[in-house]
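Participant: Here is the input, now give the coordinates:
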Amino acid sequence: MRRNNKQVTTTFIICSLLLIGVVYAILQANLQINGIAKIKENSWNIYFDNIVINENSVSIGENDSPATIDPENNCKVDFEVTLSLPGDFYEFTVDVVNAGTIDGMIGTLNKTLKVNNEVVEDTPDYLDYTVTYSDGVEIEENHKINAGTTETYLVRLEFKTDIDELPEATTITTFLESQYLQADSSSIEVFHPFSLYNIFKTEVDNNSGLVLEYSGDHKDSFTVDGNKRIYYWYAKNDNNANTIKEKWNIIFGGFCWQMFRTTDTGGTKIIYNGIPNDGKCIASGNDAIIGNSPFNSSYTSPAFVGYMYPNDIITSQREIIYNNTIFASDINYIDGKYYLINTSESLDNTHHYSCGNANLECDSVRYYYSYKANYYYKYFYFKLENGKKIEDFLTDSLSDNHVNQKDSTIKTYIETWYQNNLLHYSSKLEDIIFCNDRNIDIYGGFKPNGSLETNLYFYGYNYSNHVELLCSHITDQFSLSNPQAQLTYPIALMTNVEAYLLYNNRLLGINKSYWLMFSYNYYGETAYGSDVNFNGNINGDNINNVNYSNGVRPVISLKPGTNYIFGDGSKNNPYIVE
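Facilitator: Numbering: from 1, shown residues only. The predicted structure is shown next:
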């Protein structure tokens with residue numbers, strides 16, 4: 001494709017020097033008694049601040065310059081970029097701050113566009129050029145900016161993709177002057193929709209301490225790299241938790257939900273919390289779950305910690321080991337036979353392989369991974385065939401490209417509930433990643449030099465050391481769009497990390513235990529999942545095996561731009577989302 005560069009130079013000016021001389025009207029009252037009216041000193045101070053450039057914008061070239069506030073005039077922003085190919089764009093937000101004591105309003109709004117230094121009335125067909133408030137609301141004359149508040153502009157220029165013919169190289173100059181004056185009776189309050197996302201943002205802007213901005217690695221969408229700030233509730237003490245519990249309640253689709261974080265696409269993740277009772281969201285215990293389900297009906301392989309798992313699963317076995325059994329630290333596989341290497345007459349932390357007898361060769365080989373002194377059959381092993389070693393077994397069970405072939409019991413349970421209850425609302429939900437993290441944190445006896453008395457632990461066990469909203473393995477990234485970890489509907493479970501970010505068990509506790517999305521460990525011959533216990537603790541004293549019928553609280557994510565029509569988020573007056 002021929003490269004047709006578009007050089008774009010842009011200037012934005014607000015609060016022009018016309019604002020310097022502001023006349024204050026001083027009212028005096030004479031009530032036939034002597035009085036003194038004291039006029040408090042006022043200030044006029046509107047300016048640009050805090051430019052945030054979309055990280056997916058085109059790179060700044062050698063002769064370009066990024067969006068920058070003029071150091072000599074903080075009412076002016078300049079930038080110069082080159083859009084080389086259809087689809088290239090440059091986007092940023094900039095705050096308009098009224099730090100004074102006087103309300104302002106937009107007096108005039110002048111938007112000028114030049115193509116090769118000639119003023120044009122209409123934006124060229126190949127260019128999208130928009131300046132709005134950050135939530136998409138149009139900027140208009142007489143819009144008011146109250147003293148002590150901030151509005152945010154969103155600026156975007158894009159080389160369109162849906163064009164019939166590529167234009168020649170062009171220099172485009174844009175100029176926007178948003179002139180702020182002292183507000184009068186003609187001023188109009190800017191109506192911003194009641195955005196769920198902005199509920200979180202407002203808490204941060206007001207420094208309430210109840211919402212934090214996430215700063216780690218993240219990826220919520222399988223198809224796009226989101227650039228929105230992620231906010232989440234955070235309760236550093238019980239009082240904070242009780243306050244948040246009166247701020248995060250939603251009714252959507254005829255059910256109560258609790259919104260617990262935003263996504264990097266601008267969506268809002270919510271977790272099920274029962275059926276409204278006379279318009280109130282007050283459920284707890286069994287009323288706050290959709291029902292009970294095992295995570296998986298079987299538990300005798302690490303594969304059963306999966307939200308999906310392979311068709312062919314090798315299950316564990318156990319036995320008493322008798323004398324005259326040979327063990328090895330490694331194996332070779334030649335012409336359909338296993339050969340023991342570096343042998344020993346005793347099973348120990350460096351000799352895990354065996355033919356199960358005194359032979360040094362066999363058609364299949366055993367890998368002993370665990371010893372439990374309190375069991376009668378104390379030794380646990382997997383039977384390996386076709387040249388597989390223990391490393392291959394773990395890959396096949398947990399992370400192979402074709403590991404997700406069968407739905408887990410809980411996936412089927414949740415998706416059936418969705419089909420019966422939320423299918424009509426699918427257009428309002430975003431397609432995001434639900435992470436079933438099967439990364440191994442501690443290998444124990446599943447390493448050829450690992451201890452037989454140490455279990456296999458996943459990231460769900462030591463989640464506080466892996467606090468990232470990023471799912472590293474593609475086969476753990478469950479999404480509608482991921483063919484290697486495909487959901488039928490955009491619904492799954494909360495992760496350990498999401499639960500941990502809330503910090504306080506009062507936010508998690510519903511007087512009933514319920515499943516989380518992460519794996520916990522493999523102990524003896526049993527796979528264990530992660531959950532929240534009765535009191536709201538993550539992975540409490542009694543960890544449940546995946547065959548346990550535990551509570552189910554599904555999670556969905558409302559699309560970016562989702563608004564509520566009324567409510568205040570309390571239990572008695574939840575936000576209503578249509």
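
Participant: name the element Arg261 belongs to?
Facilitator: In the assignment (DSSP states H and E), Arg261 maps to strand 255-262.

Participant: what packs against that strand?
Facilitator: Helices and strands touching strand 255-262, by 3 or more C-beta pairs under 8 Å, 6 or more residues apart in numbering; DSSP states H and E, are helix 196-205, strand 231-233, strand 249-252, strand 268-272, helix 496-502. From N, CA and C alone the C-beta is placed, and that goes for glycine too.

Participant: buried set for it?
Facilitator: Residues of strand 255-262 classed as buried by neighbour count (16 or more other C-beta atoms under 10 Å): Phe255, Cys256, Trp257, Gln258, Met259, Phe260, Arg261, Thr262.

Participant: With the flanking residues excluded, which residue is spatially nearest to the last one?
Facilitator: In this structure, Thr262 finds its nearest non-sequential neighbour in Tyr231, 4.9 Å apart by C-beta to C-beta, 6 or more residues apart in numbering.

Participant: tell me the contacts of the residue lying closest to Tyr338 once chain neighbours are set aside?
Facilitator: Leaving aside its sequence neighbours, Tyr338 sits nearest to Val365 (C-beta to C-beta, 6+ apart; 4.2 Å). Counting by C-beta atoms under 8 Å, 6 or more residues apart in numbering, Val365 makes contact with Ile331, Tyr338, Leu340, Tyr353, Ser354, Cys355, Lys383, Leu384, Glu385.

Participant: All the strands of the stretch 51-200 of the chain, residue numbers only.
Facilitator: All strands of the stretch 51-200 of the chain, identified by DSSP state E, counting those that start in this stretch, fall at 65-69, 76-83, 89-98, 104-115, 118-120, 127-133, 143-145, 150-159, 170-182, 188-189.

Participant: Starting from the longest one, tell me which strands it pairs with and how they run.
Facilitator: Read that as strand 170-182. strand 6-14 (parallel), strand 104-115 (antiparallel) (DSSP bridges).

Participant: May I see the buried residues of it?
Facilitator: Neighbour-count burial for strand 170-182, counted by 16+ other C-beta under 10 Å, picks out Thr170, Ile172, Thr173, Thr174, Leu176, Glu177, Ser178, Gln179, Tyr180, Leu181, Gln182.

Participant: Equivalent analysis for the second one, please.
Facilitator: By neighbour count, with 16+ other C-beta under 10 Å as the criterion, the buried positions of strand 76-83 are Lys76, Val77, Phe79, Glu80, Val81, Thr82, Leu83.

Participant: Can you check which helix is longest in the chain?
Facilitator: helix 409-421 (DSSP state H).

Participant: Just checking: what are the partner strands of whatever helix or strand comes next after it?
Facilitator: Next in sequence after helix 409-421, counting helices and strands by DSSP H and E, comes strand 434-435. The strands beside strand 434-435 in its sheet (DSSP bridges) come out as strand 477-478 (antiparallel).

Participant: coming back round to it: lowest average confidence across the strands paired with strand 170-182, which one?
Facilitator: Lowest mean pLDDT within those: strand 6-14, a mean of 52.

Participant: where does this protein dip in pLDDT?
Facilitator: Within the chain, the ranges that satisfy pLDDT under 70 run 1-41, 166-167, 169-170, 191-193.

Participant: mind giving me the domain split of it?
Facilitator: Partitioning the chain according to automatic domain parsing yields domains covering residues 6-189, 196-292+560-577, 294-309+402-491+508-551, 317-389.

Participant: ok, back up a step: so how far is the strand holding Arg261 from its chain's centroid?
Facilitator: Taking C-alpha atoms, centre = their mean, to the nearest Å, one finds the center of strand 255-262 at 13 Å from the center of the full chain.

Participant: go on, stretch 270-286?
Facilitator: Chain-centre distance of stretch 270-286: 24 Å, with C-alpha atoms, centre = their mean.
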